[in-house]
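1. Here is my input; please provide its structure:
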Amino acid sequence: MALAQFLVAEVLIERKPVRQVAAAHGISTSWLYELLARYQDEGEAGLAPRSRRPHRCPTRMPAAVEDEIVRWRKRLTDQGLDAGPATIHAHLTREHTQVPSEASIWRALRRRGFIATQPQKRPRSSYTRFVADLPNQCWQADITHWALADGTDVEICNIIDDHSRLLVASRARRVFTGTAVLDTFTAASRRWGEPAALLTDNGAVFTAAALGGQCALEVHLAGRGITAKHSRPYHPQTCGKIERFHQTEKKWLAAQTPAASTTALQRQLDRFTRSYNHTRPHRGINRQTPIEAFTARAKASPTPPTIATPTGYRVRRDIVDRDGKLTIRYAGKLRHLGVGRTFAGTRVRMLVNGPNIRLINLAGQQLGDYTINPDRNYQARNKT
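-> Sure, this is the predicted structure:
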């Protein structure tokens, strides 16, 4: 506005020719004449900068279409579902033959104030993605936390198929033990088929490698020929799909009425599973639903085990309790070894070789051999 005032002053006060003033400042004479006319009509207000936006745009999106885009944005957001331009485009495609492009939807949402530009974000094209080629080629499993209505912390065990993103299991419990994780996995396997591999982090319910043994899940996987894979410690990106899925699930749960119990929470998870698998288009699989991607190809399967279930060799020190028993964890459950009240208080060593255990005292005297029966909690000494 300061430049405009200076130009007007040169012409009207200093009486300089319009062409001379325009040439001296590198502007067109027509624009200077327009500026002088606005000053004569409106005074100082006429010199304020004005928008160059055209009065009409024949190719602009119709208001009715833009309103429908906004309705979809609000509907999906209220349901706790993804409401980005790609998702809205997928829903519009199912209802109309001609729909705006994703870029046009993005611009419409930005005009309405639903999207703020974030130029500092890393572009998706720079990501390196790893995806299984077939359904059931690899599953990803993890446990996350959620709070009930009264603030009680509970755990949710989720398992998804790496290729199709199918949610094969989503179970809620107060606390997940190794046995509970195994039950969740086997139930999912009965419904969807066994995977060729299972990828998890290094939680104690998924692996007992840190203790030199095997947890219930590892014993089951080895016996079925399923490859057990684990992420590098402190590197959650390896299990990126299941980590990102937790966000999607929690966003949906946050939009629901808080569950008062794990039973109520499980009902919510069941509803979410149906919507996620059969209704929600997934960006990572070309806007298909997970069930469509899962059923589109042949399924991978485990490799039949060519050797016996791997065993873990270790030595454990313990003291026989006053009832004459020792306790050891095997396949995710506590097993009790019957030693005898005569040895109560005796310090012993247990030489553990998978299900076979040899018991000796500190002097090296053998007190008995045991072969753990996984169907029983109390284990008697082997008969000689």
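2. Okay, now the unreliable bits of the chain?
-> Counting by pLDDT under 70, the chain shows low-confidence ranges at 1, 119-129, 211-213, 305-313, 364, 384.
3. care to break it down by domain?
-> If you go by automatic domain parsing, the domain ranges for the chain are 2-47, 63-118, 139-295, 313-379.
4. any chance of those in a markdown table, with distance to V131 and mean neighbour count too?
-> All C-beta spots, glycine's among them, are computed from the backbone N, C-alpha and C. Listed next are these as a markdown table, based on distance: least, C-beta to C-beta, whole Å; neighbours: other C-beta atoms under 10 Å:
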| stretch | distance to V131 | mean neighbour count |
| --- | --- | --- |
| domain 2-47 | 57 | 13 |
| domain 63-118 | 18 | 15 |
| domain 139-295 | 6 | 18 |
| domain 313-379 | 31 | 15 |
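5. which one of the ones you listed lies closest to S301?
-> domain 139-295 (6.2 Å; C-beta to C-beta).
6. what's the first-to-last distance across that closest one?
-> 15 Å (C-alpha to C-alpha, to the nearest Å).
7. One more: stretch 142-162?
-> For stretch 142-162, the end-to-end distance is 13 Å (C-alpha to C-alpha).
8. 20 is where my numbering starts, stick with that
-> That works, and once the first residue is 20, the last one we named lands at stretch 161-181.
9. Helix, strand, or coil at E213?
-> Three-state call for E213 (DSSP: H, G, I helix; E, B strand; the rest coil): coil.
10. now do the one 5 residues further on
-> When the structure is split into helix, strand and coil by three-state DSSP, L218 lands in strand.
11. measure it to R210 for me?
-> 19 Å (C-beta to C-beta, to the nearest Å).
12. One more: G62?
-> The gap separating G62 from R210 is 78 Å, by C-beta to C-beta.
13. coming back round to it: okay if I get the domains of the chain as CSV plus distance to P323?
-> Formatted as CSV, those follow (distance: least, C-beta to C-beta, whole Å):
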stretch, distance to P323
domain 21-66, 82
domain 82-137, 40
domain 158-314, 5
domain 332-398, 20
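14. quick one: contacts for Q59?
-> G65 (C-beta atoms under 8 Å, 6 or more residues apart in numbering).
15. so where does it fall, helix or strand?
-> Here Q59 sits within helix 48-61, counting by DSSP states H and E.
16. Which residue, other than its chain neighbours, is closest to S280?
-> Nearest non-adjacent residue to S280, counting by C-beta to C-beta, 6 or more residues apart in numbering: L167, 6.7 Å away.
17. quick one: contacts for the one you found?
-> V173, P277, A278, A279, S280, T281, L284.
18. Then R286?
-> R286 sits in contact with A278, where contact means C-beta under 8 Å, 6+ apart.
19. for A235, same thing?
-> So A235 contacts G197, T198, V200, L201, A350, G351, K352 (C-beta under 8 Å, 6+ apart).
20. Now secondary structure and distance to R69 too, for those, in a markdown table please.
-> Compiled in a markdown table, those are given as follows (DSSP: H, G, I helix; E, B strand; the rest coil; distance: C-beta to C-beta, whole Å):
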| residue | secondary structure | distance to R69 |
| --- | --- | --- |
| G197 | helix | 71 |
| T198 | helix | 73 |
| V200 | helix | 67 |
| L201 | helix | 71 |
| A350 | coil | 79 |
| G351 | coil | 75 |
| K352 | strand | 79 |
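21. of those, closest to T136?
-> The shortest gap between T136 and any of those belongs to V200, at 42.8 Å (C-beta to C-beta).
22. Roughly how far does that closest one sit from P255?
-> 18 Å.
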